[in-house]
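[1] Could you look at this predicted model? Sequence included:
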Amino acid sequence: MRKASYPALLVSLMALPLLAQADIEGVKSGEQMAREASAQVTSIHTDELKNHLLSEPELVLVDIRTPGEIRGMGGAIASPKNVNIPRGWLEYRIGQYTLGKDTPIVVYCGADYRSPLAADTLQRMGYTNVSSYADGYLGWRKAGLPTELPAE
């Protein structure tokens, strides 16, 4: 039995993401799913988010980035009700932070790639007052608005 060489194995492993992105009939790409989700959810921009944060004390601002992304990008949006629920845990943890299905929720990520998917998921779960922050953390930071590093 011939053993695979390390370089050949490495090349094979590097090709896996390319294969995952290949066009397979009936399989949607992440980008396609995000576009479809964006069409189903309300997107807001920086001025609207600032207004919501000031006028809606019950608003839950959900950062769906991983803790490593938050640290690597320099922080999160400064808000008393900003909670970090990584995208993979959203369905399991959102109930800890909401009072009911009509709780105002704004979901954001770094640059609006995953937040439409997360907002769409929350709507499908039955939440009725959900928005996606289209400018993302990078847009908030670019506008010079307050950010913070979460406690470890």
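    Nice, thanks for sending it over.

[2] Now do the same contact list for residue 60.
    81, 83, 97-98, 103-106 (C-beta atoms under 8 Å, 6 or more residues apart in numbering). All C-beta atoms are positioned from the backbone trio N, CA, C, and that covers glycine.

[3] What lies in contact with stretch 119-134?
    37-38, 40-45, 49, 52, 90-91, 94, 98, 101-108, 112, 115-116, 118, 139-140.

[4] so residue 62 bridges to which residues?
    residue 83, residue 107 (DSSP bridges).

[5] Point out where the protein drops to low pLDDT.
    1-23, 151-152 (pLDDT under 70).

[6] one more time with 80, if that's ok
    Within the chain, the stretches with pLDDT under 80 are 1-25, 150-152.

[7] Tell me where it has strands.
    42-44, 60-63, 76-77, 82-84, 105-108, 130-133, 147-148 (DSSP state E).

[8] tell me which of the contacts of residue 60 is nearest to residue 71?
    residue 83 (16.2 Å; C-beta to C-beta).

[9] number of nearby residues for the closest one?
    17 (other C-beta atoms under 10 Å).

[10] what's the answer for residue 32, then?
    Neighbour number of residue 32 under other C-beta under 10 Å is 10.

[11] any idea how far it is from residue 26?
    12 Å (C-beta to C-beta, to the nearest Å).
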